[in-house]
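*Asks:* My questions concern the predicted model and sequence given below.
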Amino acid sequence: MSSTPGSRPSTSAIVGWLIVAALLAGLAVLVALNAVPIWNSFFPPEAKSVEGQEIRALYDIVFVIAAIIFFVVEGLIIWTVIRYRRKPGDDMLPPQTHGNNLAEITWTLIPTVIVLVLFFLSWSTLNSVEATSPNPALKVRAIAGQFQWTFEYLPADANETTAPVFRVTAPEGPDGGLVLPAGETTHLYLQSPDVIHAFYVPQFLFKKDVVPGIVNQFDLEIPASDAGQTYRGQCAELCGIGHRIMVFDVHALDPAAFETWYQQQLDAKNATPPPAPSGGAGGGPPVNVVAQNIKFDQATLTAPAGGFTFHFDNKDAGTSHDIDIVDASGQKVFDMKDFVGPKVEDVPVPPLPAGTYRFECSIHPALMNGTLTVQ
């Protein structure tokens, strides 16, 4: 690895210097920084779906190939710069080489082989991820409307038009969102009544568009080892002014817990509704409220203390709204059941003490709220 003074360093010397420099740089990084977060930043999140695990495996292969190409190319550039740099007394051009059949065939053949290998691996992964089971354990219709997700649970023999067994209209929270059995296959139908949306959960490592007039479908399986976990989903397609609030939760339950939850939803749907209040328990004069474009048409309302009726017109197609009343201490004193628009409902409110209250949609409280004066 030695060289005489004034001569060019040998190839072995240059390679040795590069190896030593790389080792020193790597050691400095390990000592000065936490190497694990830096290394993980080169990769997507840990896959939390069976389909995502296949996508992650493909990503790792592409990353390794890209890293090898990067270090080979950068190493050759550095080696060339050092090995063939101009020295004092270099006044003549070195021998010129015009064409090299072996080199040209090599740098054409290697990229061709790499592209063919990546094509085959990508095609195989795509076919595997896009495959659907003929007998999934669960079928769910996910409806993305401006600006809320609704999840409809379907019977086993359902298709994209079948009426749901029940629906979950709250997209977030312990009692809302998409609840799935871990370790079992779920088939999802994606529908939109308005504009293009996108179903995206970062930990699943894939995104599916929700296109009006087209029902996109896919299978999803969360590993059994992830039962009890909750993941955050969102619309990943700019869909309007309320795009930022189009989020949802995905709850992965073990099969037994999922069956319990599923039966609770059925019992709640089939429960006999209580009779409408009358007389002093509500049913008083109407207070008109319109919900449209994720907004109430009024920011201030006035109602009598002896009871009144919300005449609530939800004009947002495919989107659930409700009206809750909250007192000055933050205590909820009236809780309306949400419903999907377009629909009009008359909901009686029992007598309230005179005073000032806040009314809001519990699903979109930041966008839909106002002041209610009871007198």
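*Replies:* On my side now, so go ahead.

*Asks:* if we look at stretch 359-374, which residues are touching it?
*Replies:* Applying Cβ atoms under 8 Å, 6 or more residues apart in numbering, the contact partners of stretch 359-374 are 147-148, 169-171, 242, 245, 291, 294-296, 298-305, 320-326, 335, 338, 352-358. All C-beta atoms are positioned from the backbone trio N, CA, C, and that covers glycine.

*Asks:* how about 7 Å then?
*Replies:* With contact meaning Cβ atoms under 7 Å, 6 or more residues apart in numbering, stretch 359-374 is reached by 148, 170, 242, 245, 291, 294-296, 298-303, 305, 320-326, 338, 352, 354-358.

*Asks:* repeat for stretch 59-72
*Replies:* The contact list for stretch 59-72 (Cβ under 7 Å, 6+ apart) reads Phe42, Pro44, Ile114, Leu118, Leu121.

*Asks:* how about Gln148, what does it touch?
*Replies:* Residues near Gln148 by Cβ under 7 Å, 6+ apart: Pro171, Met246, Thr319, Ser320, Ile363.

*Asks:* Please apply the same query to Lys48.
*Replies:* Gln203, Phe204, Ile222, Asp226, Tyr231.

*Asks:* separation between Ala131 and Ala305?
*Replies:* 62 Å (Cβ to Cβ, to the nearest Å).

*Asks:* what residue ranges in this structure score low on pLDDT?
*Replies:* Applying pLDDT under 70 to the chain picks out residues 1-9, 27-39, 272-283.

*Asks:* domain assignment for it?
*Replies:* Domains of the chain are assigned by automatic domain parsing as 11-86+101-130, 138-270, 279-374.

*Asks:* To Leu93, which of the ones you listed lies closest?
*Replies:* The stretch from the domains of the chain with the least distance to Leu93 (Cβ to Cβ) is domain 11-86+101-130; that distance is 10.8 Å.

*Asks:* Which two among the contacts of Gln148 are spaced furthest apart?
*Replies:* Met246 and Ser320 (12.8 Å).

*Asks:* ok, those two, which is more surrounded?
*Replies:* Ser320 (27 against 22; other Cβ atoms under 10 Å).

*Asks:* quick one: contacts for that one?
*Replies:* Listed by Cβ under 7 Å, 6+ apart, the contact set of Ser320 reads Gln148, Thr150, Thr169, Asp338, Phe339, Val340, Ile363.

*Asks:* Among those, name the buried ones.
*Replies:* With neighbours counted by 16 or more other Cβ atoms under 10 Å, those contain buried members at Gln148, Thr150, Thr169, Asp338, Val340, Ile363.

*Asks:* my guess is the fifth one meets Pro164, correct?
*Replies:* Pointing back at Val340 there. No: between Val340 and Pro164 there is no contact under Cβ atoms under 7 Å: 11.2 Å.

*Asks:* The stretch 101-250 of the chain: strands as residue ranges?
*Replies:* For the stretch 101-250 of the chain, the strands defined by DSSP state E, counting those that start in this stretch cover 138-145, 148-154, 166-168, 178-181, 185-191, 197-201, 206-210, 216-221, 230-235, 247-253.

*Asks:* could I get those strands as JSON lines with distance to Leu24?
*Replies:* Below are the strands of the stretch 101-250 of the chain laid out as JSON lines (distance: least, Cβ to Cβ, whole Å):
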{"stretch": "strand 138-145", "distance to Leu24": "52"}
{"stretch": "strand 148-154", "distance to Leu24": "52"}
{"stretch": "strand 166-168", "distance to Leu24": "57"}
{"stretch": "strand 178-181", "distance to Leu24": "49"}
{"stretch": "strand 185-191", "distance to Leu24": "51"}
{"stretch": "strand 197-201", "distance to Leu24": "42"}
{"stretch": "strand 206-210", "distance to Leu24": "40"}
{"stretch": "strand 216-221", "distance to Leu24": "46"}
{"stretch": "strand 230-235", "distance to Leu24": "41"}
{"stretch": "strand 247-253", "distance to Leu24": "45"}
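
*Asks:* Alright, I will stop here.
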